[in-house]
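compute the structure for the input listed below.
(one chain, ligands or ions: 2)
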Amino acid sequence: MISAQQTPQVSQQSIAQAAANARTRVSPSLDAGERDRLIGEIKRMLAEQNAVLVAHYYVDSDLQDLAEATGGHVADSLEMARFGYEHNANTVVVAGVRFMGETAKILSPDKRVLLLDTEADCSLDLGCPAEEFSAFCDAHNDRTVVVYANTSAAVKARADWVVTSSIALKLVKHLHEQGKKLLWAPDKYLGDYVRERTGADMVLWQSTCIVHEEFKGIALRALMRQHPDAAVLVHPESPSGVIELADVVGSTSQLIQAAKRLPASKLIVATEDGIFHKMQQAAPGKVLLAAPTAGDGATCESCAHCPWMKLNDLQRLAQVLRNSANEVHVDEDIRSRAEVSIKRMLTFAKQIGISGAVPGNA
Ligand code: 13P
Ligand code: SF4
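Ligands and ions are numbered 1, 2, ... in the order given. Prediction:
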């Protein structure tokens, strides 16, 4: 039994091991001829199979370009969910990580949903196993349960609400104004950030993103001193010492929009490095600098690369389409309960006019 004071700790070692395994499975880069041949084959297979490709901003830039060139979409996790749900293709191919594939399947049970790699995990999802999470909820059964989208279908099924980073602040503010006490999982940094900004009464699960956790405040301050004219963009999965230095804190799509909108011609960016592809297209004349992952306490194992997002590549996409492989299945009881909490989020997003798309660039 988990008491109200305790927060379960999931083995950091097993998460580090899963990340290390993923790093060993990243494909070698392709020569130009093979790359062009695969792109042609994938385009043909997507059309033949009435399949649509939905890609996250962190995946390989060829996949992002291919998604756009074939009528698919590049987006943050909120918009990926909405787009896959509303699109009329028979098959949704998700270039991202497992929770994104599961979310697509939960919303579209009659569609075939394919993932590029079945081991494309997320440290937040791994750090929040459904059984322990359920016990944590039982220990706080007077609280409204809000979970981040980066969780398994079973965790979402236990939640009242699902949120993504695009909408977390607004939804928690809304629930706080209704006098609700909240249980938040799994990202402790994002949880801390919304708690501080809204004043909501929240108990937090204690997981982290292994990528954003590597950004260090001290090293970022040093870079800011070298570039005093730069604006700082930070994803809220980062530690508080990094968030407090930000000019803009937001989801991937919100950071890309900020890069476009802000007057600064130089931007320091604290998020996974796959974002630079779309960010540079959105803000073509601007200098983009990666926020440092070095400095005190750094392990630099991730260095702003998500090992699981990097499992998405042209080779795997072609394989999946050739073999109809890696189909996502979600138990119907779990699916139907998770659907309720995800649809609440989509309805709320619509009501307040939030989208995870970048206008004119997605
Ligand atoms: P976004 O919803 O901001 O795209 O974030 C997803 C994610 O996994 C960030 O690490
Ligand atoms: Fe999960 Fe972090 Fe990778 Fe996003 S970047 S998918 S939060 S491990």
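
tell me who's in contact with the residue in the stretch 201-350 of the chain positioned nearest to ligand 1.
Relative to ligand 1, the nearest point of the stretch 201-350 of the chain is Ser251 (3.2 Å; CB to the nearest ligand atom). Just so you know, the C-beta spots here come from the backbone N, C-alpha and C atoms, and that holds for glycine as well. Shown in contact with Ser251 (CB atoms under 8 Å, 6 or more residues apart in numbering): 76-78, 164-166, 235-236, 356.

how about Glu327?
Per CB under 8 Å, 6+ apart, neighbours of Glu327: 112-114.

output these as TSV; include the columns neighbour count and pLDDT.
Below are the contacts of Glu327 laid out as TSV (neighbours: other CB atoms under 10 Å; pLDDT from 0 to 100):
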residue	neighbour count	pLDDT
Arg112	17	97
Val113	25	97
Leu114	25	98
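
gap between Ile210 and Asp125?
Remark: distance between Ile210 and Asp125 (CB to CB, to the nearest Å) = 12 Å.

residue closest to the middle of this structure?
Ser77 (5.3 Å; CA atoms, centre = their mean).

model confidence for that residue, exactly?
Looking at Ser77, its pLDDT is 91.

from what I see, Ala294 and Leu220 are in contact.
No: Ala294 is beyond contact range of Leu220, at 10.3 Å (criterion: CB atoms under 8 Å).

more neighbours, the two?
Leu220 (24 against 14; other CB atoms under 10 Å).

look up how far ligand 2 lies from the closest residue in space to Leu255 that isn't next to it in sequence.
Computed as CB to CB, 6 or more residues apart in numbering, the closest residue to Leu255 that is not its neighbour in sequence is Leu233, at 4.6 Å. When distance is defined by CB to the nearest ligand atom, to the nearest Å, Leu233 is 15 Å away from ligand 2.

shouldn't Leu233 be within a strand?
Yes: counting by DSSP: H, G, I helix; E, B strand; the rest coil, Leu233 is part of a strand.

in helices, which of the contacts of Glu327 fall?
With DSSP state H as the criterion, helices contain none of the contacts of Glu327.

all strands for the stretch 51-200 of the chain, in order.
51-56, 73-75, 91-95, 112-115, 144-148, 161-163, 182-185 (DSSP state E, counting those that start in this stretch).

which residues touch Thr144?
Thr144 touches 160-161, 175, 180-183, counting by CB under 8 Å, 6+ apart.

10 Å instead?
Contacts here follow CB atoms under 10 Å, 6 or more residues apart in numbering; on that basis Thr144 touches 159-161, 172, 175, 178, 180-184, 200, 202.

which pLDDT value belongs to the closest residue to it other than its chain neighbours?
Leaving aside its sequence neighbours, Thr144 sits nearest to Lys180 (CB to CB, 6+ apart; 4.5 Å). Looking at Lys180, its pLDDT reads 98.
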